[in-house]
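> all I have is the shape, not the residue letters:
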């Protein structure tokens, strides 16, 4: 294995540990909405950037649209997941910026859709789903 992948692999393991903690916490407390966001993109199937980006986007959406459903402890865990995921995919958050940035996430999804050749339907769905 190349040394390049070792830090990424450890970061993915840390993300997975945090997701397990959140999964157990949300199952115990029966918080269905945050659990649905998590189960939409977890468990991770590898350490490629598309899978990790999907998790970061889902957790960012959770922070943005369902912030009232999260305790301070849960918010900290979610922000740590987002930070670790952004480190892997090479996106950095501006200093002092909130973790959930809906417009930035939307445009990142559109860029990924362009690469996959799915621009019209994917972009239209994103524009209709959330606020700008």
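Perfect, thanks for sending it. None of the values given here were measured: they were computed from a predicted structure.
> low pLDDT regions in the protein?
The chain contains residues with pLDDT under 70 at 1-6, 91-132.
> ok, now with 80
Along the chain, the parts satisfying pLDDT under 80 run over 1-8, 45-48, 90-132.
> quick check: longest helix of it.
In the chain, taking DSSP state H as the definition, the longest helix is helix 5-29.
> domain ranges for this protein?
By the record's domain assignment, the chain is partitioned as 5-95, 101-132 (automatic domain parsing).
> tell me which residues are up against the longest helix of the chain.
31, 34-35, 38-39, 42-44, 47, 52, 55, 74, 77-78, 80-81, 84-85, 87-88 (C-beta atoms under 8 Å, 6 or more residues apart in numbering). Where C-beta positions appear, they are placed from N, C-alpha and C, glycine not excepted.
> just the strands in the protein please.
Read by DSSP state E, the chain holds no strands at all.
> residue boundaries of the helices in it?
Assigned helices in the chain, in chain order: 5-29, 32-39, 49-65, 72-89, 102-116, 119-129 (criterion: DSSP H).
> deepest in the core, which of those helices is it.
For the helices of the chain, the largest average neighbour count (mean count of other C-beta atoms under 10 Å) is found in helix 49-65, namely a mean of 21.
> name the helices or strands packed onto that one?
With contacts defined as 3 or more C-beta pairs under 8 Å, 6 or more residues apart in numbering; DSSP states H and E, helix 49-65 has these neighbours: helix 5-29, helix 32-39, helix 72-89, helix 102-116.
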